[in-house]
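# generate coordinates for the sequence data below:
(chains A and B)
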Amino acid sequence: MHTFEFIRPTDSAAAIAAAGKSKTAQQGADVRFMGGGTTLIDLMKLNVETPARVLDINRLPLDKIELMPDGGLKIGATVRNSDLAYDPRVQRDYSVLSQAILNGASAQVRNMATVGGNILQRTRCMYFRDTAMPCNKREPGSGCPAITGSNRTLAILGASEHCIATNPSDMCVAMAALDAKIHIEGPKGPRAIAFGAFHLLPGSTPHRETVLEPGDLITHITLPQPLSGSKQFYLKLRDRASYEFALASAAVVLTVNAGKVTQARIALGGVGTKPWRSPEAEAALANKTANDATFRQAAEAALRGAKAQSENGFKIELAKRCLTYALRTAAAS
Amino acid sequence: MSDGDSQSSPPNPTRRKFLLTTGSSMAAGVVGAYVPALAHNTVGESDSAAASQKLTAEGAVPITLRINGKDHQLRLDPRTTLLDCIRETVVLTGTKKGCDHGQCGACTVHVNGKRVLSCLNLAVMHDGHEVTTIEGLGTPDALHPMQAAFLACDGYQCGYCTSGQIMSAVALLKEPCGPDDAAVKELMSGNICRCGAYANIVEAIQKVRKHA
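Presented below is the predicted three-dimensional model:
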């Protein structure tokens, strides 16, 4: 691990001012905010992340879960994943979020990892994590050995000829389906960004993963008022029963009236280069009879743009079955 | 070690003491080179205290860590993980380093009552926090019920993952966990046992939960 200066800012303004001096908020940032450390310390040990300054934001007042006047929920950026998953309001009104978090990582990691940190979680692509290998995400222009190499777990949606790395988060998949908003304070003031607009597709700039600029601090997340009467389910498929990243996952929020789907919010995990909201699946479900044929059609629609690499073609059918099963389970609940 | 060797060795030679002695003399020999943690252990006794007091480091961060009820005033290189601080600086070696990347759970300790992976934490993040390690759970004469249950159920083979397993299991007792074995397995999935003692580990945990 490279040496760094450890700073514990006393308020958000000091943290933002200090981080604002970084050249970038993306790969190669020389200033990093430290939340739980579960991603950042891991990558610093691998020398994938080499910040000169680390700002510990854990003592900033960003650790509350609060009900908002409009009936939505405000979640501070340093709320621990386990505290969010076990919050009674989340379990009652946003159960897909609770399920997604509890399907991710281990109890220890969930006790450490923050909500803001989970949103910024980095890919588990082995080429990204190994500094002996080329990687366009880590070293722009160096190439992507995953495309001709080991890509069994990598993305089938949203990939480019420059990067096929999967976004590994479970929490983000549920947040995408729940229409969360990410609230940021930066050198130019506060702003809010729709969850779907926060992560970027790799395109020709896979080192740019989010819209964050130097000094931008995620302060909190808001969830809109819960969808009344909605059925919610998160299904995760993986190589072992627990403590493993998804090969495919699906977050489903449905309302069904008189046997017909009235509203559907669908997102997929483990298959995309970002948390993958699927308007195609939602359109295929709208006002259709809630049965297996409809669910399969929605899954076909969601994966229509999927592209297989040499080892991960199985994920296309796996993701379809994952979504179909999740829809069936949610509708029957 | 032959009988002849043991006569010239200190009383009760152990592998641990041998490594500590040679470790600290080696550290003294390379002062100025890479030293992972620079400690002024003013409260607890440390075998490396003599060597470490000669050292000052630019950027060292002063913190107080309360470990197993005892305050330790330390000056640490910010790179020092909580795990390395516990093992190398405070010299509580019951907490184990397995993968050092958050994948095995061997380094599990409690911080402010919650289980965490000490390898993915910087020690300097925990100024003023209360840390509990396996040494703080029980003593050989008065085992924690979970330690006793692991013994009774044979919840280990080589023992390397055991302190992490027990720290996880003790934390689990206070977490939302369903009554069946499957719920225990799910919440213990962050602790890997290469020997495969899982069935006995689950049995030990269920034994404690039933008698709690």
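# going forward, measure contacts between C-alpha atoms and count neighbours the same way
Noted.
# quick one, helices of the stretch 51-200 of chain A?
Using DSSP state H, counting those that start in this stretch, the helices of the stretch 51-200 of chain A run over residues A:81-85, A:88-93, A:95-102, A:107-112, A:115-119, A:126-129, A:171-177, A:195-198.
# could you give the separation of the fourth one from the chain centroid?
In this view, helix A:107-112 has its centroid 17 Å away from the chain centroid, taken as CA atoms, centre = their mean, to the nearest Å.
# if we can go back for a sec, out of the helices of the stretch 51-200 of chain A, which is the most enclosed?
Of all the helices of the stretch 51-200 of chain A, helix A:171-177 has the most neighbours on average by mean count of other CA atoms under 10 Å in any protein chain shown, namely a mean of 28.
# alpha carbons of that one, as CSV, please.
Output in CSV follows, covering the C-alpha atoms of helix A:171-177 (Å, rounded to 0.1, in the frame of the first residue of the first chain):
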residue,chain,number,x,y,z
MET,A,171,-28.1,-2.8,-3.1
CYS,A,172,-27.8,-0.7,-6.3
VAL,A,173,-30.1,-3.0,-8.2
ALA,A,174,-32.9,-2.5,-5.7
MET,A,175,-32.2,1.2,-5.6
ALA,A,176,-32.5,1.4,-9.4
ALA,A,177,-35.9,-0.4,-9.3
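# before we move on, the earlier item: let's have the helices of the stretch 51-200 of chain A in a markdown table, adding distance to A:Leu217 and mean pLDDT.
As requested, those are arranged in a markdown table below (distance: least, CA to CA, whole Å; pLDDT from 0 to 100):
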| stretch | distance to A:Leu217 | mean pLDDT |
| --- | --- | --- |
| helix A:81-85 | 18 | 98 |
| helix A:88-93 | 24 | 98 |
| helix A:95-102 | 22 | 98 |
| helix A:107-112 | 19 | 98 |
| helix A:115-119 | 9 | 98 |
| helix A:126-129 | 24 | 98 |
| helix A:171-177 | 17 | 98 |
| helix A:195-198 | 13 | 98 |
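# so can I have a markdown table of those showing distance to A:Thr50?
Formatted as a markdown table, the helices of the stretch 51-200 of chain A follow (distance: least, CA to CA, whole Å):
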| stretch | distance to A:Thr50 |
| --- | --- |
| helix A:81-85 | 25 |
| helix A:88-93 | 36 |
| helix A:95-102 | 28 |
| helix A:107-112 | 21 |
| helix A:115-119 | 17 |
| helix A:126-129 | 13 |
| helix A:171-177 | 25 |
| helix A:195-198 | 24 |
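# which one of these lies closest to B:Pro78?
Taking CA to CA, helix A:107-112 is the member of the helices of the stretch 51-200 of chain A nearest to B:Pro78, at 18.3 Å.
# hmm, back to that, ok, which of the helices of the stretch 51-200 of chain A comes nearest chain B?
Of all these, it is helix A:107-112 that lies closest to chain B, at 4.5 Å by CA to the nearest CA.
# so which elements touch that closest one?
In terms of contact count using 3 or more CA pairs under 8 Å, 6 or more residues apart in numbering or on different chains; DSSP states H and E, helix A:107-112 is assigned the packing partners helix A:81-85, strand B:114-117.
# of all the helices of the stretch 51-200 of chain A, which one is nearest B:Asp71?
Closest approach to B:Asp71 among the helices of the stretch 51-200 of chain A (CA to CA): helix A:107-112, 22.7 Å.
# only alpha carbons, please: show that closest one as PDB.
The C-alpha coordinates for helix A:107-112 follow below in PDB (Å, rounded to 0.1, in the frame of the first residue of the first chain):
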ATOM      1  CA  ALA A 107     -22.700 -10.000   8.000                       C
ATOM      2  CA  GLN A 108     -19.300  -8.500   8.800                       C
ATOM      3  CA  VAL A 109     -19.000  -6.600   5.500                       C
ATOM      4  CA  ARG A 110     -22.600  -5.300   5.800                       C
ATOM      5  CA  ASN A 111     -21.800  -4.000   9.300                       C
ATOM      6  CA  MET A 112     -18.900  -2.000   7.800                       C
END
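# so what touches that helix?
Contacts of helix A:107-112 from elsewhere in the structure, counted by CA atoms under 8 Å, 6 or more residues apart in numbering or on different chains, are A:36-38, A:80-83, A:101-102, A:104, B:102, B:108, B:114-117, B:168, B:187-188, B:190.
# same check, this time on stretch B:135-151
Identification of contacts with stretch B:135-151 by CA under 8 Å, 6+ apart yields B:67-69, B:92, B:94, B:155-156, B:166, B:169-170, B:200-201, B:204-205, B:207-208.
# how far off centre is it?
Computed by CA atoms, centre = their mean, the separation of stretch B:135-151 from the middle of its chain amounts to 15 Å.
# ok, back up a step: mind checking which of the contacts of stretch B:135-151 are buried?
Buried by 16 or more other CA atoms under 10 Å in any protein chain shown: B:67, B:92, B:94, B:155-156, B:166, B:169-170, B:200-201, B:204-205, B:207-208, out of the contacts of stretch B:135-151.
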